[in-house]
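Q: Output the structure for:
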Amino acid sequence: MEGGSSEAVRATAVVTEVRSESPSVKGFTLRIDDPRFDFRPGQWVDLFVPGIETIGGYSMYSSPKHLTELRTIDLALKYSDWPPTLWMHEQCKVNSKVEVRVGGNIYYDPAAAAGGQEGTHDLLLVAGGVGINPLSSIYRHADDLHKLFRKDEEGCLPGRVSLLCSAKTKEELLFKATLDAIAEENSQIDVKYFVTQEKPGGLSNVNYGRINNAVLKKALEGLNLESLKAFVCGPESFIDGIETHLLNNGVAGDRIFYERWW
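A: Down below sits the predicted model:
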């Protein structure tokens, strides 16, 4: 869920925190004071670095609530030699300034959050690698909606939310502590992890293997297929495989949402 946009507000952002999210991923908190800047969970930002012509495209992993309350967004960038990413990893520091502009047509913004025009629906989120970024934003937003609306208000929140995360190694399972904490506190939300290039051991709540047809079939058993919204993010082959498995398990094509990075 990355790309470019030409119509949204272009705002100045100040870096307020730089941290390590994994051996290959750095996290950044950006403060954006411009009140015109907002985003929907699942969207990305074009990132303009001073002195670099190439425009970066990175999905937010924080909830829109953070922007509303704190005027901040969170990004997590995997190391690469792509000019804006390389600058963020090697030169960006606290108080660095960049510019950002929201883009992306695939996002989660239920009418329920604006007054209940859509009935309650279940969510399935399937992430591969750093594809967890936009899905983390959706996951956190769903939790925020659960807290905002009473469960007996028809159409005012998502129903069950299931997140499946895949990474090569346990160390690359991003945001695990936070995702686990949300699931532990909210009985309507669950998260499962899958590691593809390590032998079993170390963490009891991690599965060793890929998110395959059997895994998705089991995940769908607890969800309402008629009202389901399934969001997928990851490499091209990952998206293609997950979409095929979802279709094979009875999920309608118009209920599967993804945005390719190329």
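Q: mind listing the helices for the stretch 51-200 of the chain?
A: For the stretch 51-200 of the chain, the helices defined by DSSP state H, counting those that start in this stretch occupy 64-70, 83-90, 132-148, 176-185.
Q: which helices and strands sit right next to the first one?
A: Identification of packing neighbours for helix 64-70 by 3 or more Cβ pairs under 8 Å, 6 or more residues apart in numbering; DSSP states H and E yields strand 72-78, helix 132-148. For every residue, glycine as well, the C-beta is placed using N, CA and C.
Q: if you compare the ones you listed, which one is most tucked away?
A: Highest mean neighbour count among the helices and strands packed on helix 64-70 (mean count of other Cβ atoms under 10 Å): helix 132-148, with a mean of 24.
Q: Just checking the distance from that helix to the centre of its chain.
A: Here the centre of helix 132-148 is set off from its chain's centre by 8 Å, with Cα atoms, centre = their mean, to the nearest Å.
Q: if we can go back for a sec, worst average pLDDT in the helices and strands packed on helix 64-70?
A: Among these, helix 132-148 carries the lowest mean pLDDT, at a mean of 95.
Q: how much does that helix deviate in direction from strand 72-78?
A: Angle between the axes of helix 132-148 and strand 72-78 is 150 degrees (criterion: axes from the mean of the first three to the mean of the last three Cα atoms, to 10 degrees).
Q: right, and the helices of the stretch 51-200 of the chain - which one's nearest His121?
A: Closest approach to His121 among these is made by helix 132-148 (10.5 Å; Cβ to Cβ).
Q: Quick one: mean pLDDT for the one helix or strand Gly241 maps to?
A: Using DSSP states H and E, Gly241 sits in helix 236-248. Averaged over helix 236-248, pLDDT sits at 97.
Q: next one: stretch 37-48
A: For stretch 37-48, mean pLDDT rounds to 96.
Q: mind listing what's buried in it?
A: By neighbour count on 16 or more other Cβ atoms under 10 Å, the buried set for stretch 37-48 is 37, 39-48.
Q: Next one: Gly104 from Phe39, what distance?
A: Applying Cβ to Cβ, to the nearest Å, the value for Gly104 to Phe39 is 8 Å.
Q: err, Ser96, not the other one
A: In terms of Cβ to Cβ, Ser96 sits 21 Å off from Phe39.
Q: which residues touch the closest residue in space to Leu67 that isn't next to it in sequence?
A: Closest residue to Leu67 in three dimensions, ignoring its sequence neighbours and counting by Cβ to Cβ, 6 or more residues apart in numbering: Ile73, at 5.8 Å. Going by Cβ atoms under 8 Å, 6 or more residues apart in numbering, Ile73 touches 13, 29-30, 32, 39, 45, 60, 62, 66-67, 100.
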